[in-house]
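Engineer: only geometry, no sequence info:
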């Protein structure tokens, strides 16, 4: 009987290949098959051997190269054929990466699976922008939400943002108007400060700041594109962060 391969669910981090874990880099450098998301930076993919098979399963809003169930089937099929598969995901595989679904599919099919954590997009973006997601003077709670889930208006975000709290919104560029409207309707002050971090940990990174009420205008005026995170809370308005942003802009 042919040996079954292993599926490695690997976090590629927020973009910069220097932020890969040693385990992730080692697996990638000897990979034969790499199934990767669209947001994985080309510099990270370049670490794979020249003869490795790269399979893109890029997902964009309203357009998926492969539906999620087909991605799971692909991983299982390759592993059952005896191939080790590096499933490369932006950020961390278990933070809005559907890594849990893929791990479940592998286990159900009897395929060994290993999860290799990565620096999440939130942690990477905050570090690159020098925004402390928690700060003794500003926030002791951090929440992560997805901004393009179905039924956005029906989700209960009460208490996730406000005094002493930081809210990080993934995939919120296209739904920025609905997000601002929802949070303000839920009682969050229109002047609550926020930062939109575009292309975090990449040379073209931008950090755009303003009040919550101006979020839709910021996204349109600055033509913000994914990948981008929205960080809402007093931590984004601290003076040391503003100075850090000026320093980053001076270097660009």
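Structural biologist: That came in fine, so what should we check first? Bear in mind the structure is a predicted one, so any value in this text is a computation, not a measurement. Numbers count the residues shown, from 1 in each chain.

Engineer: what about residue 207, how many residues nearby?
Structural biologist: 22 (other Cβ atoms under 10 Å). The C-beta positions use only the backbone N, C-alpha and C, and glycine is treated the same way.

Engineer: after whichever strand or helix holds it, which helix or strand is next?
Structural biologist: Here residue 207 sits within strand 206-211, counting by DSSP states H and E. Using DSSP H and E, the helix or strand that follows strand 206-211 in sequence is helix 215-221.

Engineer: show me which residues of that next one are buried.
Structural biologist: 215-216, 218-219 (16 or more other Cβ atoms under 10 Å).

Engineer: just to revisit the earlier point, quick check: buried residues in the strand holding residue 207?
Structural biologist: Quick answer for strand 206-211 (16+ other Cβ under 10 Å): 206-210.

Engineer: which pair in the residues you listed has the greatest spatial separation?
Structural biologist: 206 and 210 (12.8 Å; Cβ to Cβ).

Engineer: nearest to residue 23, of the buried residues of helix 215-221?
Structural biologist: residue 219 (35.9 Å).

Engineer: what about the nearest residue to the closest one once chain neighbours are set aside, neighbour count?
Structural biologist: Once flanking residues are discounted, residue 219 sits nearest to residue 176: 4.4 Å by Cβ to Cβ, 6 or more residues apart in numbering. A count of nearby residues for residue 176, using other Cβ under 10 Å, gives 21.

Engineer: and the buried residues of helix 215-221 as a markdown table, adding distance to residue 73 and pLDDT?
Structural biologist: Conversion of those to a markdown table gives the following (distance: Cβ to Cβ, whole Å; pLDDT from 0 to 100):
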| residue | distance to residue 73 | pLDDT |
| --- | --- | --- |
| 215 | 38 | 98 |
| 216 | 39 | 97 |
| 218 | 40 | 97 |
| 219 | 36 | 97 |
